[in-house]
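Participant: Sequence and predicted model, in that order:
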Amino acid sequence: STRYADLLNDLEKLRKQEAQWRIEKSGIDAKIKDLEADLTDARVQMEIFHSKCNDLAAQLGVKQTELMQKDLDVARARKELQELQNLYKQNTEHAAQQAELIQQLHALNMDTQKVLKTQEDAHTAETISYQKLHNELTICCDKLKASEIQLQQNQGFLQNQLFEKEQRINQLESQLQQVLSATSSLPQETYPNQRKETLCCCRT
């Protein structure tokens, strides 16, 4: 009888433990379902994140291509500007030489006039010869003046071209800055190595 009572007590304890385990198992199952739902959501979010990463990588590639093209345009414009500056310097030097030559011709013309004045009465033939020389010098002087005017016009044209090229360089540098700003607005955690390479390229 005592043995039977002990068995009944043990059975009752086991039933209580079973009920408790069932309750705990139900809670664990509910937690597992919640975790599975969270895992599914996390996978969806991960797929969305990968898609966004791919889009950003494509955009970054386009921006890098644009940056390379802008760098080439700036280098080309700077080369053209340097060529124009060299040409402008050469024309300026040539214009200075022309001005000096004109001054020399003016001085020579004045000397010729003095000689013609002093020799006019006694040497008519020489006067005619000197007058012819004077006329030739005058024509040469006029030609040099016309050449000087043309050089001044060319100098003005080159100055305009120089100004336009400088404006073009400023415009290209502004566009380059805009591309750099647009690239810097991308998330830093996305492909950091590519971003560093882009920044290095921009600084160069």
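Facilitator: Okay, I see it.
Participant: How about residue 161, nearest residue that isn't a chain neighbour?
Facilitator: Leaving aside its sequence neighbours, residue 161 sits nearest to residue 84 (C-beta to C-beta, 6 or more residues apart in numbering; 5.7 Å). C-beta here means a position set from N, CA and C on the backbone, and glycine is covered the same way.
Participant: Could you check how many residues crowd around that neighbour?
Facilitator: 17 (other C-beta atoms under 10 Å).
Participant: Which parts of the chain are strands?
Facilitator: Using DSSP state E, no strands are found in the chain.
Participant: which secondary element of it has the worst mean pLDDT?
Facilitator: helix 192-203 (a mean of 43; mean pLDDT, DSSP states H and E).
Participant: which ones are touching the residue nearest to residue 161?
Facilitator: Residue 84 sits next to 158, 161, 162, 165 when contact means C-beta atoms under 8 Å, 6 or more residues apart in numbering.
Participant: again, only using 10 Å
Facilitator: 158, 159, 161, 162, 164, 165, 166 (C-beta atoms under 10 Å, 6 or more residues apart in numbering).
Participant: Double-check the second one against residue 87; I have them as touching.
Facilitator: No - the pair residue 159 and residue 87 does not pass the contact test of C-beta atoms under 10 Å, sitting 11.2 Å apart.
Participant: follow-up on the earlier one: could I get the pLDDT score of the residue nearest to residue 161?
Facilitator: Model confidence at residue 84, given as pLDDT, is 91.
Participant: With residue 176 instead?
Facilitator: pLDDT, residue 176: 90.
Participant: Nearest residue to the middle of this structure?
Facilitator: residue 176 (3.5 Å; C-alpha atoms, centre = their mean).
Participant: ok now do that residue, which residues does it touch?
Facilitator: 66, 67, 70, 71, 73, 74, 202.
Participant: The fifth one - nearest residue in space that isn't next to it in sequence?
Facilitator: Spatial nearest neighbour of residue 73, excluding adjacent residues (C-beta to C-beta, 6+ apart): residue 172 at 5.3 Å.
Participant: how much space is there between the closest residue to residue 138 other than its chain neighbours and residue 148?
Facilitator: Spatially, and ignoring its direct neighbours in sequence, residue 138 is nearest to residue 109 (6.9 Å; C-beta to C-beta, 6+ apart). Look at residue 109 and residue 148: by C-beta to C-beta, to the nearest Å, they are 16 Å apart.
Participant: just residue 7 next, same as before
Facilitator: Separation of residue 7 from residue 148 (C-beta to C-beta): 131 Å.
Participant: more neighbours, those two?
Facilitator: Neighbours per residue (other C-beta under 10 Å) separate residue 7 from residue 148, with residue 148 holding more: 15 against 10.
Participant: Next up, the contacts around that one.
Facilitator: By C-beta under 10 Å, 6+ apart, the neighbours of residue 148 are 95, 98, 99, 101, 102.
Participant: and stretch 132-151, average pLDDT?
Facilitator: 83.
Participant: Could you tell me how many residues sit around the closest residue to residue 67 other than its chain neighbours?
Facilitator: Distance criterion C-beta to C-beta, 6+ apart; nearest residue to residue 67, sequence neighbours excluded, is residue 179 at 5.5 Å. By the criterion of other C-beta under 10 Å, residue 179 has 19 neighbours.
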